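> Sequence first, predicted coordinates after that:
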Amino acid sequence: KGPACGDCGKRLIGLPCVRPMEFKRLKKRERRVNRAYGGSRCASCVRSRIVRAFLIEEQKCVKQVLAEKISSMKEKDEPSRKKKGKK
């Protein structure tokens, strides 16, 4: 059968279909593909992981910017409210 992706279960391209003992004897460059998660995850799963991580980071940045915007709006409103209360 050969090695399969840990996420989706598809067979991994570029890796030999050998018995475990023979696989252990292979050189490291023959046991894996030269990319992140090479030899463990397929290319489409790696791509989706990278995109997911990027979008999560972007969401954190957007959340922070919105929080700063709201806090700056509150700071602008507070002095005007204080002035109205004194009259």
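Everything's here; your move.

> Need the three-state assignment for the residue nearest in space to the middle of the chain.
Central residue of the chain (CA atoms, centre = their mean): A53, 2.0 Å from the mean position. Secondary structure, DSSP: H, G, I helix; E, B strand; the rest coil: A53 is helix.

> let's number from 806 now, not from 1
Let's use 806 as the start, then, which means that last one is A858.

> how near is it to C850?
As judged by CB to CB, to the nearest Å, A858 and C850 stand 13 Å apart. C-beta here means a position set from N, CA and C on the backbone, and glycine is covered the same way.

> show me what contacts the residue nearest to the centre of the chain?
Counting by CB atoms under 8 Å, 6 or more residues apart in numbering, A858 touches no other residue.

> I'd like to know how far it sits from F828.
30 Å.

> how near is M826 to R834?
19 Å.

> brain fart, E873
From E873 across to R834, the span is 48 Å (CB to CB).

> Low-confidence ranges, this protein, go.
Along the chain, the model assigns pLDDT under 70 to residues 884-892.

> Quick one: the helices in it, in order.
Counting by DSSP state H, one finds helices in the chain at the ranges 825-830, 833-836, 848-891.
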